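# build me a model:
(one chain, ligands or ions: 1)
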Amino acid sequence: MKEVFEQIWKSNRWARSGKYPKAGAGSTKKYCKDLLEKLEPLVGERVFIDLGCNDKKNWLPEAFTESERYFGIDIVEDCGPNLVCNILEIEEWKRHIPEGPKFFFIKDVLQHWETSEVETWMEQIIGSLEEDDVLCTINAVSDSEERSFKKQYAPIKYGRKPFHHDYGAKVEQVLQDWKPRRREVLIWRKVKA
Ligand SMILES: C[S@@+](CC[C@H](N)C(=O)[O-])C[C@H]1O[C@@H](n2cnc3c(N)ncnc32)[C@H](O)[C@@H]1O
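Predicted structure coming up:
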């Protein structure tokens with residue numbers, strides 16, 4: 001997996017025209033402007049853990065990514081994350097993240113994984129959420145059932161596997177108005193026992 005994403009980074013596969021940031025057209029400051037406005041109140045005082053951050057300055061303001069409450073993780077070292085790690089290895093990166101309530105954020109990453117990987121990861125991350133933590137997943141949506149890591153673009157949609165599973169968390173689709181932009185924004189909080 002590491003080699004695949006390193007190769008994508010080096011070859012600019014998601015941004016060949018040079019017009020967009022390395023992560024592609026869905027990661028420009030303009031495209032993400034109102035997403036950022038909607039996220040800010042949800043993040044509040046939490047530490048923002050940006051899982052699969054790519055070039056963290058793509059769409060986030062520098063003041064934000066340079067603050068102590070931001071922590072970006074990616075498998076590609078060259079993109080300059082705060083930690084180089086495979087997100088699937090939750091126990092590994094959790095040992096390095098700052099203290100305090102967390103806002104786990106994963107945008108345009110899960111769609112590149114196999115369904116079984118997404119399922120296992122969702123179960124683990126939600127199982128590890130503390131009461132004040134929040135998880136935000138953002139994925140490209142499509143009606144296609146097809147999902148393949150090899151194709152590098154694999155749409156997933158809430159209401160179908162792997163997202164229709166009961167992971168012991170409630171989902172609040174609070175950012176509905178971002179939907180026309182072909183991204184599904186889901187906010188997950190652990191259900192109180
Ligand atoms: C399409 S980019 C999205 C970047 C950023 N989240 C955004 O929306 O602008 C996907 C990023 O996730 C990273 N990534 C994918 N799977 C990963 C994994 N298992 N561990 C760490 N990083 C991963 C890739 O290296 C790449 O930088």
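# isn't E119 up against D166?
No. Using Cβ atoms under 8 Å, E119 is not in contact with D166, being 11.6 Å away. Using the backbone N, CA and C atoms, a C-beta is placed for each residue, glycine as well.
# which one's more surrounded, the two?
Neighbour count, other Cβ atoms under 10 Å: between E119 and D166, E119 has more, with 16 against 9.
# what sits up against the lengthiest helix in the chain?
The residue-count maximum for a helix in the chain (DSSP state H) belongs to helix 115-127. Helix 115-127 is contacted from outside by 87-88, 90, 104, 110, 113, 135, 147, 156, 161-163, 165, 167-169, 188, 190, using Cβ atoms under 8 Å, 6 or more residues apart in numbering.
# now find how far off-centre it is within its chain.
13 Å (Cα atoms, centre = their mean, to the nearest Å).
# give the buried residues for it.
115, 117-119, 121-123, 125-126 (16 or more other Cβ atoms under 10 Å).
# tell me which helix or strand R189 sits in.
strand 183-190 (DSSP states H and E).
# with the ligand in mind, check whether that strand reaches it.
No. Strand 183-190 does not reach the ligand (Cβ under 6 Å from any ligand atom); its nearest approach is 9.2 Å.
# rounded mean pLDDT for the helix or strand following the longest helix of the chain, please.
Note on helix 115-127: by DSSP H and E, the next helix or strand toward the C-terminus is strand 134-140. In this model, strand 134-140 carries a mean pLDDT of 90.
# and the very next helix or strand once past strand 134-140, what other elements does it pack with?
As assigned by DSSP H and E, the chain's next helix or strand after strand 134-140 is strand 169-172. Other helices and strands packing on strand 169-172, by 3 or more Cβ pairs under 8 Å, 6 or more residues apart in numbering; DSSP states H and E, are strand 183-190.
# and the angle from the strand it packs on to helix 115-127?
40 degrees (axes from the mean of the first three to the mean of the last three Cα atoms, to 10 degrees).
# residue numbers of the chain in contact with the ligand?
Residues of the chain found near the ligand (Cβ under 6 Å from any ligand atom) are 1, 5, 14, 23-24, 27, 52-54, 58-59, 74-76, 79, 86-88, 107-109, 112.
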